[in-house]
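**Student:** sequence below, structure please.
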Amino acid sequence: MRAILAALVAFGTLVSVTAASAQALPADEGYSLQPAVGDYLKIDRRTGDVSHCSARDGAWSCQLIAEDRKAYEDRIAELEAENDRLSKHIAELEAQNKKALAPLLDKEDEQHLQEFLDLGDRMFRHFFDLVERLRQRDEGPI
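**Tutor:** Now for the predicted structure:
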C-alpha cells in the first residue's frame, strides 16, 4: 500500500515537474525533494527520474522508482520497429510474388507462339492428308 501511495505521489509530482521543467533551470536547482508519507521523493527536474528517499539506520538512501511508463514506451518503440521491419518484409514478398505470377509471355510473344502453333497444326493436317491418300491408293485396285 505504501509503494502504491508513493508511486501515485511520484506520478503527480512528475506531472507537475514536467510542466515546470519546460523552463530553463539554474544549475543548483537540478533536484526537488517532496515529502511523501514520512519519507521524501527526490525528483530530477532535467530527466524526470523519481527516487524514493528514506532514512535507514540513521543514514539516508535513495532508490530510483521504476517508471512503468518508460517501460511501456520502450516496448511500444520495439513493437513499432518490428512492425516496420515486418511491413517491409511483406512488401518484398508481395513484389516477389507479383514477379512469380507475371505472365511468361508478353502479348507479342504470345501472338508469335499462336502463329507457330497454327503452322504446326496445318503441317500435321497436311501430313495426315498425305497419309490418308497413300492408304487409299494402296487399298484401291491396281
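**Student:** from H112, how far off is L134?
**Tutor:** Separation of L134 from H112 (CB to CB, to the nearest Å) stands at 33 Å. Every C-beta, even on glycine, is put in place using the N, C-alpha and C of the backbone.
**Student:** all helices for this structure, in order.
**Tutor:** Using DSSP state H, the helices assigned to the chain run over residues 2-20, 68-101, 107-139.
**Student:** out of the ones you listed, the one nearest G38 is which?
**Tutor:** Proximity of the helices of the chain to G38 was assessed by CB to CB; the nearest stretch is helix 2-20, lying at 9.2 Å.
**Student:** and R46, what pLDDT?
**Tutor:** Here, the pLDDT recorded for R46 equals 82.
**Student:** number of nearby residues for it?
**Tutor:** The number of residues packed near R46 is 12, by other CB atoms under 10 Å.
**Student:** how near is R125 to E92?
**Tutor:** Remark: distance between R125 and E92 (CB to CB) = 50 Å.
**Student:** same check on Q111?
**Tutor:** Relative to E92, and taking CB to CB, Q111 is found at 33 Å.
**Student:** ok, now F124?
**Tutor:** In this structure, F124 and E92 are separated by 46 Å, where distance is defined by CB to CB.
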